[in-house]
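Engineer: Sequence first, then the predicted structure:
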Amino acid sequence: MKKVCTTSLYRFTIVFIYLFLFSLTIGAQRDIKTINDGWRFLKQDVTDASRLGIDDKLWERVSIPHTWNSDAYTDKAYYRGIGWYRKNIYLSDEYKDKQLFVRFDAANTVASVYVNGNMVGEHRGGYTSFTFDITPYCLIGKENLIAVKVDNSLTDVPPVSGDFTFFGGIYRDAWLISTPKQHFELSDFGSNGVFIDTKDVSESSALYTVRGAIKNDESLVKKVEVVYTIKDPQGRIIKTDKNIVSIQPNEKRDFSYSGKVENPQLWSPENPNLYAIETAIYDSKSKKVLDKINNNTGFRWYKFDGKEGFFLNGKSYKLNGMCRHQDQKPIGNALTDEMHRRDMQMIKEMGINFIRISHYPQDDAILELCDKLGILAWEEIPIIDIVPEDANYSVNCENMLKEMIRQHYNHPSIIMWGYMNEILLVTQRKFKGDDLKVATDRALALANRLEKVLKEEDKFRPSVMAFHGSDSYNKAGFNDIVDIVGWNLYQGWYSDGFTGFEKFLQEQQKQHPDNPKIVSEYGAGSDKRIHSLFPKRFDFSVEYQQEYIEHYLSVIEKEKYVSGATYWNFIDFGSALRDESMPRINNKGLVYSDRTPKDVYFLFKAFYRKDVPVLHIASHDWQKRTGITKSGEPCVQPLKIYSNLTEVELFQNGKSLGIKKCENSTATWQVPFITGDNFLMAKGLFDGKPIETALSISFNSIPEILDAENLKSLELAINAGSSSFYTSPESGLTWLPDREYSAGSWGFIGGKPYQTQGEILATADNPLYQSLRESPDQYRFDVPAGRYEVELSFSDIFTPKEKLAYDLSEGTQDSSENESIFDIAINDKVVESKINPARSSGFYGLERKRFIIEVGEQHYIEIKFRSFSGKSFVNALKVRKL
Ligand code: GCB
Ligand code: CA
């Protein structure tokens, strides 16, 4: 009895001592934690901002991730300049014999870090991480001031051009790291200091090498053991090994170890098997662990072939891919890790097996999920459109390339590195003749230089570049430099006819059969407010984007030599210089900025997922429809389903509309919509199991013939000069496509449509006014007698924006010779004499007029236009009976 008691006391004491020791030694190894909160921020440059003692109490309180550029969603001239961040950190005595570092996962674009008023270092480049040793500047047992100056103005750092917003700020996590005096090298281009090579991988075996450097920050010789442990995907240790290294004071010592895995569990998108490699440094005397790093790795082999496409682990494999930008309205690029992970989950869910991390290195969370979810990756640095004449620029490119490769080297998901996008695009716009030759040669020289660096940095992965759809890249020789050719192709979007897509690819294949090819971009914009029964390129209708993608997906699948394709872009992303239907946004996304999926998201899913049923009524983006009918009759409009089922039956309000086969993952019905609710239900079988889905569409019928009865509650709105429906989300009112008058009905007589992509000022209904009918004879509405309200809207959009001499300081435009001046008469009475919309509201401004008129026995409203200078026009009309 007594003995037992003693034993348990003894045990208790041991546990207690252990806990006590543990609490004392916490942080004995590497200690890493975020320092994201409690920062003060000021969006301007101030002298002494790095210094102790200045008063920052009135500065804004912010948390990291942070950007100062939410203005870029409203303002082309968003703030590009300096911002200061300050934070105090208390460093307890625990840090006494430690080496201390700060790490920033990204700050755009140039960051200067100060500790207690001392400049610690500068980092140039907004998309890669950097780590600074701050030990000499720190005060232990005291508060320490960290101040960071960030500058996102245009400089010698890529990108100097590009179709996206360069949000400034510390927009990825910030960390405080402490290590013992012997530790893995932390100052090697932001890497974690340990690199894993995998090579000679096959079904039966795989070789791997663990290499890196250890730093001794103590002033005595230190003998350490480097211990390597590899665990299989199930977490079982398969091998532990070590070697002994002795390091001189303040020296950096390389280490390397090679091992072999028999019958590796291969990594692939279907089975993303990850092995864990732990590398640890032990004090060879005390046997205490000093530092430890965990890296995941995966074993796979692959190749690109010019004629046969891509192969993974010996099997032919199509890269079904997606490009991804990293912002979200209104928070810019300051996404949390959860938000990055959400994107990756959504991308995986769609059946995507390949991502182009474009146009710049992205958050570690993205790479982590590529590895874990099984998404192959192309990562690149943002050298875009043109190479400026600046020697520092090339140096910065080279550094950034090294940073990207060293920081993300260990990720098995990465299968290629990229370094240029459409590098001749702006080059060719800006230069001609001899100057163009010089500029092209400059880009070639940089490409050669970076290709060399890339191959020195990574002996295993191929290089890739994205060209725009022009053979000039081959003529200049870019395809001879790079291993894989990426083509950004927009036939049917930026040029006519989407069959140009396959023609271009086939021609390339004929000319350059040995160049492995990827379609690195293809895409079309869409705007939920815009719908069309006659979709056209650049109308931004939801329906045109659908048709475009349906075509491209089928071609990519068919053309065998095409290794794969990455759709541009997963999201509607911020591009401050863009106008189009949503100014400041490039809306080619498959999901809206807030990540709500568009209907086309499900087209991809139906196309790429074979393992789960996909049955989606592709009208979630058009649930409130409008159409024109003869009174009382249903209105027939198409309704599409995206599905991987063989066939689907569609029901409307319980009645079958028939069974259709899904071709190209698509089936379309002509649905006779009735006014009010239309309950649509789709049914089919997947693997013998019944699957169904439903959607309710409310339909508003607009009468072809206006009479006293239907005019009672009618607001007849016309999107002049456009073949699209436009629905204003604020009022819910739909503006109908422009239509020609026929006897007894309503519409235009004469004139022609005209459209711009320029932004209309002072309205949220931009797309409505971006189209107009030019020089119409009249608009005519056959209506019963009575009082009416007629609204006419004008925006003078004929002069291209860049041709308008616009004085920003004065806010004036001097282009009077381009102004359009005209009279408007309603039922022969002049209601506007010499209206000049550009003069009264500015070019691209909005001028709206509402008139109250009486219709007598003539039974019509005739709106006539007579021009004096330029052209007469109208952008939108509305008629309402009072
Ligand atoms: C491209 C560019 C990309 C643009 C895209 C577009 O070719 O590489 O940065 O955003 O076209 O939407 O025009
Ligand atoms: Ca219009």
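Structural biologist: Perfect, I can see it now. Ligands and ions are numbered 1, 2, ... in the order given.
Engineer: Pull out the buried positions in stretch 526-545.
Structural biologist: 526-532, 535, 537, 539-545 (16 or more other Cβ atoms under 10 Å). From N, CA and C alone the C-beta is placed, and that goes for glycine too.
Engineer: So Gly842 is in contact with Gly758, correct?
Structural biologist: No: with contacts counted by Cβ atoms under 8 Å, Gly842 stays clear of Gly758, the gap being 12.0 Å.
Engineer: wait, what's in contact with the residue nearest the centre of the chain?
Structural biologist: Residue closest to the mean C-alpha point of the chain, counted by Cα atoms, centre = their mean, is His325 at 2.1 Å. His325 makes contacts with Phe164, Ser358, His359, Asn569, Phe570, Ile571, Phe573, Gly574, as judged by Cβ atoms under 8 Å, 6 or more residues apart in numbering.
Engineer: How about Asn818?
Structural biologist: Contacts of Asn818 by Cβ under 8 Å, 6+ apart are Phe798, Thr799, Lys803, Leu804, Ala838, Phe843, Gly870.
Engineer: So what are the sheet partners of the longest strand anywhere in the chain and their directions?
Structural biologist: Ranked by number of residues, the top strand in the chain under DSSP state E is strand 689-703. Using DSSP bridges, strand 689-703 pairs in its sheet with strand 624-629 (parallel), strand 676-686 (antiparallel).
Engineer: tell me which element Met400 falls in.
Structural biologist: Assigned by DSSP states H and E, Met400 belongs to helix 391-408.
Engineer: pLDDT on that helix, on average?
Structural biologist: Per-residue pLDDT over helix 391-408 has a mean of 98.
Engineer: got the angle for the following helix or strand past that helix vs helix 391-408?
Structural biologist: Where DSSP H and E defines the elements, the next helix or strand beyond helix 391-408 is strand 414-421. Taking axes from the mean of the first three to the mean of the last three Cα atoms, to 10 degrees, one finds strand 414-421 and helix 391-408 inclined to each other by 170 degrees.
Engineer: Which helix or strand contains Asp188?
Structural biologist: Counting by DSSP H and E, Asp188 is part of no helix or strand.
Engineer: wait, what's in contact with the closest residue to ligand 2 within the stretch 101-250 of the chain?
Structural biologist: Nearest residue of the stretch 101-250 of the chain to ligand 2, counting by Cβ to the ion: Asp163, 25.7 Å away. By Cβ under 8 Å, 6+ apart, Asp163 lies in contact with Ser575, Leu577, Arg578, Asn586.
Engineer: If we use 7 Å, what do you get?
Structural biologist: Ser575, Asn586 (Cβ atoms under 7 Å, 6 or more residues apart in numbering).
Engineer: where does it sit relative to ligand 1, distance-wise?
Structural biologist: Distance, Asp163 to ligand 1, using Cβ to the nearest ligand atom, to the nearest Å: 4 Å.
Engineer: Is that residue in a helix, a strand, or coil?
Structural biologist: coil (DSSP: H, G, I helix; E, B strand; the rest coil).
Engineer: roughly how far apart are it and Asn271?
Structural biologist: 37 Å (Cβ to Cβ, to the nearest Å).
Engineer: go on, Gly168?
Structural biologist: Taking Cβ to Cβ, one finds Gly168 at 41 Å from Asn271.
Engineer: Which one of the two is surrounded by more residues?
Structural biologist: Gly168 (29 against 13; other Cβ atoms under 10 Å).
Engineer: I'd say the more buried one and Asp71 touch.
Structural biologist: No: using Cβ atoms under 7 Å, Gly168 is not in contact with Asp71; the gap is 10.4 Å.
Engineer: interface residues of the stretch 451-600 of the chain facing ligand 1?
Structural biologist: Where the stretch 451-600 of the chain comes near ligand 1, counting by Cβ under 6 Å from any ligand atom, the residues are His468, Asn488, Glu521, Gly523, Trp568, Asn586, Lys588.
Engineer: now these as a markdown table including secondary structure and pLDDT?
Structural biologist: Conversion of these to a markdown table gives the following (DSSP: H, G, I helix; E, B strand; the rest coil; pLDDT from 0 to 100):
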| residue | secondary structure | pLDDT |
| --- | --- | --- |
| His468 | strand | 97 |
| Asn488 | strand | 98 |
| Glu521 | strand | 98 |
| Gly523 | coil | 98 |
| Trp568 | coil | 98 |
| Asn586 | strand | 98 |
| Lys588 | coil | 98 |
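Engineer: Redo the residues you listed as a markdown table? Include distance to ligand 2 and neighbour count.
Structural biologist: Compiled in a markdown table, those are given as follows (distance: Cβ to the ion, whole Å; neighbours: other Cβ atoms under 10 Å):
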| residue | distance to ligand 2 | neighbour count |
| --- | --- | --- |
| His468 | 31 | 20 |
| Asn488 | 31 | 20 |
| Glu521 | 30 | 24 |
| Gly523 | 25 | 23 |
| Trp568 | 27 | 28 |
| Asn586 | 22 | 22 |
| Lys588 | 22 | 25 |
